[in-house]
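Undergrad: turn this into a structure:
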Amino acid sequence: MEIYVLLKRTFDTEEAIQLENGKIEEDGAEFIINPYDEYAVEEAIRVRDAQRGVVTVLTVGPEDADKELRTALAMGADKAVRISIEDDVEEADHFSVSEVLAGYLKEQDVDLIIAGNVAVDGGSGQVAPRVAQLLDIPYVTTITKLEIDGTDAVVTRDSEGDTEVIKTSLPLLVTAQQGLNEPRYPSLPGIMKAKKKPLEELDLSDLELDEDELAPRLETVERFLPPNKAAGKVLEGEIATQVEELAALLRNEAKVV
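TA: Numbers count the residues shown, from 1 in each chain. As a prediction, the model looks like this:
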């Protein structure tokens, strides 16, 4: 079974975002595998172990993303592929990235694609469904359970607090939701093995894609940090007095009543 994981390099979720001239300052920032993608890597490894096959982690990003790919290899993935487009496509968006990923995957034998439900830096959840659409294969999002029997699959997905069970077939793309599994930590032997596992580096010329056709469809007009929150107030005294003071604050300062 050929299993692919769509992986994204994102800021550490505990990293303080800094802006410089309207751009996110990356120098000195910590990056990690997008947390939802960790569930995808873990599930891919489990499916491979149960069904036999190969797990390839795939990303679109700069050379620095090799660190996150090596982490996925240390977890147990078999191969990694990184496609570099920053020299050809400025400010790549969901459209650009999905076109590049699909352009690569169209030339591969694909049985199963697993991605994270969303990326914590953007939160759109668009790339994976777009890839499935371009490949003309079924997809199921926000899954919490995946069962495969031959070319048949039964997928349980989270649906706004409810649960859906969907029967479908391979090839298939799914996106991993929290609760699907518990991602493993890379072991020391896994880290050592990862150094010798193949990591292929490609660019647009290798995929025979035209950079003009990958021009982003979205334009970032402005980036800004949310305003600092005002300090809270603690009301004291009798309950009746506190109620009167609260009402006055809501009316005169917050202006919500």
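Undergrad: can you confirm Ile114 is in a helix?
TA: No. Using DSSP: H, G, I helix; E, B strand; the rest coil, the assignment for Ile114 is strand, not a helix.
Undergrad: make sure Leu135 is actually in contact with Tyr104.
TA: No. Counting by C-beta atoms under 8 Å, Leu135 stays clear of Tyr104, with 10.6 Å between them. For the C-beta atoms, the positions are set from N, CA and C on the backbone; glycine is no exception.
Undergrad: the helix or strand harbouring Val5 pairs with which strands?
TA: Using DSSP states H and E, Val5 sits in strand 2-6. For strand 2-6, the pairing partners within the sheet under DSSP bridges are strand 54-60 (parallel), strand 112-116 (parallel).
Undergrad: partner residues bridging Thr175?
TA: The partner residues for Thr175, given DSSP bridges, come to Ala115.
Undergrad: roughly how far apart are it and Thr144?
TA: 11 Å (C-beta to C-beta, to the nearest Å).
Undergrad: do Tyr185 as well
TA: 22 Å.
Undergrad: do a quick rundown of the helices in the stretch 151-257 of the chain.
TA: Ranges of helices within the stretch 151-257 of the chain are 188-194, 204-207, 239-252, based on DSSP state H, counting those that start in this stretch.
Undergrad: could you find the closest non-adjacent residue to Asp109?
TA: Residue nearest to Asp109 in three dimensions, not counting chain neighbours: Glu2, with 5.0 Å by C-beta to C-beta, 6 or more residues apart in numbering.
Undergrad: any idea which strand is longest in this structure?
TA: Scanning the chain for the longest strand, with DSSP state E as the assignment, gives strand 139-149.
Undergrad: now do that strand: which elements does it pack against?
TA: helix 35-51, helix 127-135, strand 152-159, strand 162-169, strand 172-176 (3 or more C-beta pairs under 8 Å, 6 or more residues apart in numbering; DSSP states H and E).
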